[in-house]
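> Please work out how this folds:
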Amino acid sequence: MGQDVTVLPTEGAREGLRTATTAETSGRLGRWPGLDVARGVVVGGLIPFHAALVFDATDDFYVKSDRTVDLTPFAAPVVVAAMPLLFLVAGIGARYAWRARSAGAYLRRRVRRLLVPLVAGTVLLVPLPVWLRLRADPDYTEAYLDFWPRFLRVRWSWSDFPFVVQPAAGGRGFETGHLWFLYLLLLYSLAVVPLLIWLGSSRGDRVVRLLAAGAERRGVVLLPAVLFGAVAAGLGLDQGIAAGNALGYLLFFAAGVVLASDVRFPAVLRCNAGLAGAVAIALLAVAGAALVGGDGDPLLDRDPVDLVGRAAFGAAGWCAVVSIVGWLARLRPSSGRAAGDRSPGRRVGRYVVPAVLAWYVLHQPIVVGVAYLVVGSTLHPVLEYLLICVASALGTLVAYDLLVRRTALTRALFAGT
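Modelled structure (predicted):
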């Protein structure tokens, strides 16, 4: 799409576009240094995070220990930024993909990369954790092969949008499980097409240039935090999607698209990284004081204290993501000339980058399966937790390496490649 090139007029910017185009082809995010690292760290960190939910008194995880504590103060700093960061990084990748391909090719790749693993994972992997949850009831004796087809009995329910697929009458607890992320990512990739088209127009180009120029003033890039706070306060937060909401995540995705549209934005985030981090910590402290320890449901209740707490939490999410991406932007960007580099770090990167999506798809059923076998032992809960983490991490790595990456069919089903 030649019109996209005009968005990046300088020689350095054109080099950035060439790097981004090559990077998208290889699954990397090119001239935004560190984003692949961030994505890998977040997805890898989901294993210890979900393992901790086994011992969290406030969460209804698939497998629960009878020895639990309230882990909310430890989980909140992770939750506030982890999934928003993934959506923003995905938005950056979507912008690069749109530039590198035709509109039709972009749509076909999004569907292949997201819809196929979503369907395969929902049919083949998600039923296991649901069945293991049911097995916690001593009176439940249904065999897995009897449960599985009943799990897949679904109906359309537009009143539950965006999660329109719901269990049918006579079904058995259908859910998308942890794959809600892929489902929303697919919807957002399609929903932002008008934005992508507009950004490629002369008017969109001018608006982005004005935004980038205005954002060069210190602190201006933090102003969207007001919008994110309002969305969190007004619409509430859903524990089932990592204490976020669908509109808020869409805004993070769209923000990534916009941030990838002008070469000045990485420098803007770099300059504001420290300030954004300090504001995020302060807002998170306000959110904690307002939301933790109260009565009722702080994620949905509309009393003033909960509204303020959710607003602070939503605003903290934007500031935290700006800080993280800004600090990562201080790393040296990778160069296209380094493609032949055979250093250990680059070899690890070439292995990890295409594996991240498959790790995400595979990890939760493995965590639940390991926890089902470990919980209830005579080990101390801390040792149980560490055992679940280590065994789940190894299981995910082995499952990816032996069962996914070695054939084209399994890579298509679980890695979207």
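> other SSEs contacting the longest helix anywhere in the chain?
Ranked by number of residues, the top helix in the chain under DSSP state H is helix 264-291. On a contact count with 3 or more CB pairs under 8 Å, 6 or more residues apart in numbering; DSSP states H and E, helix 264-291 meets helix 72-79, helix 202-215, helix 246-259, helix 304-328. All C-beta atoms are positioned from the backbone trio N, CA, C, and that covers glycine.
> List the buried residues of it.
Neighbour counts over helix 264-291 (16 or more other CB atoms under 10 Å) mark 264-266, 268-273, 275-277, 279-280, 283-284, 286-288, 290-291 as buried.
> Check the secondary structure at the residue in the chain sticking out farthest from the centre for me.
When distances are taken from the C-alpha mean of the chain, residue 139 lies farthest, 36.6 Å away, according to CA atoms, centre = their mean. Following DSSP: H, G, I helix; E, B strand; the rest coil, we place residue 139 in the coil state.
> For the chain, which element, helix or strand, carries the lowest mean pLDDT?
Sorting the helices and strands of the chain by mean pLDDT, DSSP states H and E puts helix 2-5 at the bottom, at a mean of 33.
> so who does residue 148 touch?
By CB atoms under 8 Å, 6 or more residues apart in numbering, the contact set of residue 148 is 127, 131.
> do you know how far it is from residue 127?
Separation of residue 148 from residue 127 (CB to CB, to the nearest Å) stands at 5 Å.
> got it, and residue 170?
Distance from residue 170 to residue 127, by CB to CB: 16 Å.
> Which one's more surrounded, the two?
residue 127 (23 against 7; other CB atoms under 10 Å).
> What is the burial count for the residue lying closest to that one once chain neighbours are set aside?
In space, and not counting its chain neighbours, residue 127 is closest to residue 151: 4.6 Å by CB to CB, 6 or more residues apart in numbering. When counting by other CB under 10 Å, one arrives at 21 neighbours for residue 151.
> Is residue 151 in contact with residue 130, as I believe?
Yes. Counting by CB atoms under 8 Å, residue 130 is a contact partner of residue 151 at 6.3 Å.
> who touches both of those two?
172, 173.
> Buried residues in stretch 218-236, which are they?
Under the neighbour-count criterion of 16+ other CB under 10 Å, stretch 218-236 has 221, 222, 224, 225, 228, 229, 230, 231, 232, 233, 235, 236 buried.
> In those residues, find the pair that's most separated.
Spatial extent of the buried residues of stretch 218-236 (CB to CB) is set by the pair 221 and 236 at 26.2 Å.
> Which members of the buried residues of stretch 218-236 are positioned in helices?
Those of the buried residues of stretch 218-236 mapping onto helices are 224, 225, 228, 229, 230, 231, 232, 233, 235, per DSSP H.
> want to throw those residues into a markdown table with distance to residue 304?
A markdown table is the format used below for these (distance: CB to CB, whole Å):
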| residue | distance to residue 304 |
| --- | --- |
| 224 | 23 |
| 225 | 20 |
| 228 | 19 |
| 229 | 14 |
| 230 | 15 |
| 231 | 17 |
| 232 | 15 |
| 233 | 10 |
| 235 | 17 |
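> Just the closest of those residues to residue 352, please.
Using CB to CB, those come closest to residue 352 at residue 228, 29.7 Å.
> Does that closest one touch residue 313 like I think?
No. Residue 228 lies out of contact with residue 313 (CB under 8 Å); the separation is 9.2 Å.
> can you give me the helices for the stretch 301-417 of the chain?
Counting by DSSP state H, counting those that start in this stretch, the stretch 301-417 of the chain has helices at residues 304-328, 344-352, 356-374, 381-398, 408-414.
> worst average pLDDT in those helices?
Ranked by mean pLDDT, the helices of the stretch 301-417 of the chain bottom out at helix 344-352, with a mean of 76.
> Flag every buried residue along that one.
Result for helix 344-352 [16+ other CB under 10 Å]: buried residues 349, 350, 352.
> What's the separation between the second one and residue 98?
Remark: distance between residue 350 and residue 98 (CB to CB) = 24 Å.
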